[in-house]
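S.K.: coords please:
(one chain, ligands or ions: 10)
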Amino acid sequence: MLIGASSWVQSADEENLEYSSYGAQQCLWCHSGAEQAHLMDLFEGPHAVRADERSPFGEGQLQCEACHGPGGDHVGPIVAGRERPPMPAYGPNAFWTVDQQNDMCTTCHLDQGHSFWDGSEHQRFEVGCADCHNSHEQRDPMSLATSQNAVCMDCHISQRSQAQHAYAHPVRHGEMACADCHAPHGSPNEAMLTDLNVNQNCYTCHADKRGPHLWEHAPVAEDCTNCHQPHGSNHPGMLTRRAPLLCQSCHGRESHVGIGITADGLPDNNPSNLLLMDSCMNCHTQVHGSNHPSGRALAR
Ligand code: HEC
Ligand code: HEC
Ligand code: HEC
Ligand code: HEC
Ligand code: HEC
Ligand code: HEC
Ligand code: HEC
Ligand code: HEC
Ligand code: HEC
Ligand code: HEC
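M.R.: Residues are numbered from 1 along each chain as shown. Ligands and ions are numbered 1, 2, ... in the order given. Just a heads-up that it's a prediction; the model follows:
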């Protein structure tokens, strides 16, 4: 059923927005041209399932306007010399705040909207649901690691450059996603991590590093980022700095031999041969902790 132009309704009061009378059909009349063909991918996704009454296209729902807000003014015939009133939620002239836009999504997506979203860094800095999600694509960009990482890195440029470093988690090639470690809708944990703290997060994949060890190395149990940069670095093993400097940032001369560094903390021009190859790790092979009865010095 197509609706004739004569039946368009225009809301008289612009302050008091009204929904269009005929919904999507009316929208598509003007928005189904070739240059807007990409919009039709909506109908391949979960938002246009007529049989699902929770969907914007389910029985009794507001269709396009469930997300875009009331378009009663926008669909109407326009007075000569005046511009077409914009849709309230999306588009360059849209006039709703990000919070108002997000409200459209969270009326249906209560979980994403309420548990940790309010007060999260993304909510506080006015990142919109639609900055990450795109309802007009066949596959939401967040549902694939490659497209997800690309969207996140559009805003997070320092993480993008770290992911390009020589030693990094395989994020660059989409074998891992930012959301493997982060909860984009917010979490009660630092840096919106999915787990209670950094170490719990790392243990989910690197279980072998979880203690307790007979001989623990204090900084490991405390925080993996004491030595590792989770987004990538130019030092082997994603270390924050190269050994021996890494080790010497905490261990001074008093640890048996003042190797590689002078009493003033400057590089030693005549370093001990203890620093050949992997330096400290030549002997202290068990930097993450040892379970050997005589592994006190993390050497076995
Ligand atoms: C599930 C929510 C949702 C539904 C349903 C929806 N849209 Fe959208 N639409 C969006 C979002 C989100 C954007 C993107 C805003 C942005 O670019 O940040 C958008 C963008 C648009 C744009 C402008 C951007 C472009 O690419 O041209 C038009 C026009 C549009 N939608 C029309 C429609 C029409 C017509 C319908 C109904 C057939 C519809 N939308 C249904 C969420 C929705
Ligand atoms: C009579 C034709 C007509 C109808 C009906 C119509 N639109 Fe539009 N719409 C336009 C035109 C023309 C523009 C672009 C003009 C402008 O930029 O203000 C536009 C712009 C938009 C935009 C902003 C697009 C952008 O690229 O920024 C959105 C979103 C939108 N319409 C959604 C809808 C929705 C949803 C409906 C149904 C409720 C609808 N339109 C019905 C003609 C129409
Ligand atoms: C009228 C209710 C309604 C509105 C409004 C709505 N959604 Fe949905 N959305 C749904 C339903 C229903 C599903 C399918 C859920 C399922 O199958 O469990 C869905 C699925 C999704 C998914 C999963 C996508 C996928 O491919 O599986 C995302 C992401 C999403 N919506 C984001 C949004 C965003 C962003 C907005 C606002 C622009 C929005 N939704 C507005 C009802 C809605
Ligand atoms: C910073 C980017 C980002 C923002 C902002 C964002 N999301 Fe998501 N969303 C994601 C990612 C990533 C996933 C996939 C999560 C996963 O793989 O576990 C997702 C998944 C979803 C899903 C699918 C079901 C689920 O929870 O896995 C829905 C629905 C959804 N988001 C709705 C929303 C709504 C509503 C908002 C706004 C309040 C929003 N999102 C804001 C990134 C984002
Ligand atoms: C539209 C821009 C934008 C997009 C897209 C975006 N973010 Fe953010 N993100 C921000 C802003 C703004 C902040 C808060 C300020 C800051 O920390 O830079 C933030 C903060 C964060 C934080 C720090 C939280 C904290 O408590 O310190 C994490 C982690 C994060 N984002 C992860 C992600 C992930 C993962 C994605 C993709 C799923 C993503 N972001 C997509 C803009 C964005
Ligand atoms: C292997 C797990 C992991 C992955 C994958 C990961 N992160 Fe992180 N991210 C962390 C940890 C752990 C922290 C907190 C420690 C820190 O600040 O280095 C963090 C912190 C952040 C912060 C806050 C930084 C700050 O200085 O406050 C942002 C923003 C962020 N990550 C964005 C991203 C983005 C974007 C991606 C995807 C490109 C991503 N992360 C992938 C583990 C990860
Ligand atoms: C979602 C799973 C996952 C999580 C969570 C995770 N990693 Fe990884 N990690 C990997 C994978 C996959 C590799 C690559 C293994 C390979 O290339 O063989 C890797 C490799 C590494 C490497 C070796 C890099 C190299 O160049 O040899 C280090 C170091 C590392 N991770 C540290 C961490 C730290 C620290 C954390 C917590 C902030 C963490 N990982 C969290 C999956 C994970
Ligand atoms: C005191 C510094 C330090 C801390 C803290 C630390 N690491 Fe490491 N890690 C290293 C060094 C040094 C290497 C390189 C070892 C080598 O070259 O033999 C390494 C290598 C790795 C590797 C790759 C090689 C392997 O052994 O699998 C992974 C994975 C790893 N660390 C995970 C972790 C996790 C997870 C944590 C937190 C529980 C952590 N590290 C805490 C120093 C540290
Ligand atoms: C962030 C600081 C920090 C870094 C970096 C660090 N350590 Fe440690 N290390 C400690 C602390 C704290 C202890 C516990 C000292 C104590 O119990 O007296 C320790 C203990 C040790 C011990 C055992 C000493 C003993 O008596 O049990 C060895 C061996 C050791 N570290 C070697 C290394 C090596 C090798 C590196 C470089 C890969 C390194 N450490 C990097 C802080 C650090
Ligand atoms: C040639 C092997 C070797 C190399 C290389 C080496 N160590 Fe050791 N280190 C040892 C042995 C063996 C002990 C145990 C001494 C003992 O039990 O009294 C030890 C003990 C330590 C201790 C514990 C000292 C204490 O008070 O009990 C620390 C800390 C330490 N080393 C740090 C380092 C650092 C940092 C480097 C690199 C700059 C390094 N080691 C390089 C063999 C080595």
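
S.K.: Get me the contact residues on the stretch 1-150 of the chain for ligand 2.
M.R.: Neighbours of ligand 2 within the stretch 1-150 of the chain, by Cβ under 6 Å from any ligand atom: 20, 26-27, 29-31, 64-65, 68, 71, 74-75, 84, 86-87, 90-93. (Each C-beta comes from the backbone N, C-alpha and C, glycine too.)

S.K.: at 5 Å instead, please
M.R.: Neighbours of ligand 2 within the stretch 1-150 of the chain, by Cβ under 5 Å from any ligand atom: 20, 26-27, 30, 64, 68, 71, 75, 84, 87, 90-92.

S.K.: Dump those into a markdown table; add neighbour count as well.
M.R.: Compiled in a markdown table, these are given as follows (neighbours: other Cβ atoms under 10 Å):
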| residue | neighbour count |
| --- | --- |
| Ser20 | 25 |
| Gln26 | 24 |
| Cys27 | 20 |
| Cys30 | 11 |
| Cys64 | 23 |
| His68 | 21 |
| Gly71 | 24 |
| Val75 | 26 |
| Arg84 | 13 |
| Met87 | 23 |
| Tyr90 | 18 |
| Gly91 | 11 |
| Pro92 | 5 |
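
S.K.: from those, which is closest to His206?
M.R.: Nearest to His206, judged by Cβ to Cβ, of these is Tyr90 at 41.5 Å.

S.K.: Contact partners for the closest residue in space to that closest one that isn't next to it in sequence?
M.R.: Computed as Cβ to Cβ, 6 or more residues apart in numbering, the closest residue to Tyr90 that is not its neighbour in sequence is His68, at 5.9 Å. By Cβ atoms under 8 Å, 6 or more residues apart in numbering, the contact list for His68 reads 87-90, 104.

S.K.: With distance to ligand 10 added, can I get the residues you listed in TSV?
M.R.: Output for the contacts of His68, formatted as TSV (distance: Cβ to the nearest ligand atom, whole Å):
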residue	distance to ligand 10
Met87	63
Pro88	62
Ala89	58
Tyr90	57
Met104	57
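
S.K.: and the least confident of the residues you listed?
M.R.: When these are sorted by pLDDT, the bottom entry is Tyr90 at 88.

S.K.: Up against ligand 5, what does this protein have?
M.R.: Close to ligand 5, as judged by Cβ under 5 Å from any ligand atom, the chain has residues 121, 125, 127, 131, 152, 155, 178, 182, 184, 191-192.

S.K.: Buried among those residues? Make that a PyMOL selection.
M.R.: Per 16 or more other Cβ atoms under 10 Å, the buried members of these correspond to this PyMOL selection:
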select buried, resi 127+152+178+182+184+192
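
S.K.: and which of the residues of the chain next to ligand 5 is nearest to ligand 4?
M.R.: Pro184 (3.6 Å; Cβ to the nearest ligand atom).

S.K.: Looking at the residues of the stretch 1-150 of the chain next to ligand 2, which is nearest ligand 4?
M.R.: For those, the nearest to ligand 4 is Tyr90 (13.3 Å; Cβ to the nearest ligand atom).

S.K.: Quote the end-to-end distance of stretch 212-219.
M.R.: 13 Å (Cα to Cα, to the nearest Å).

S.K.: swap in stretch 129-142?
M.R.: Note: stretch 129-142 ends 11 Å apart using Cα to Cα.

S.K.: can it be found next to ligand 1?
M.R.: Yes. Applying Cβ under 5 Å from any ligand atom, one finds stretch 129-142 touching ligand 1 at 130, 135.

S.K.: starting at the chain centroid, how far to stretch 74-86?
M.R.: Using Cα atoms, centre = their mean, to the nearest Å, the mean C-alpha position of stretch 74-86 is found 39 Å from that of the whole chain.
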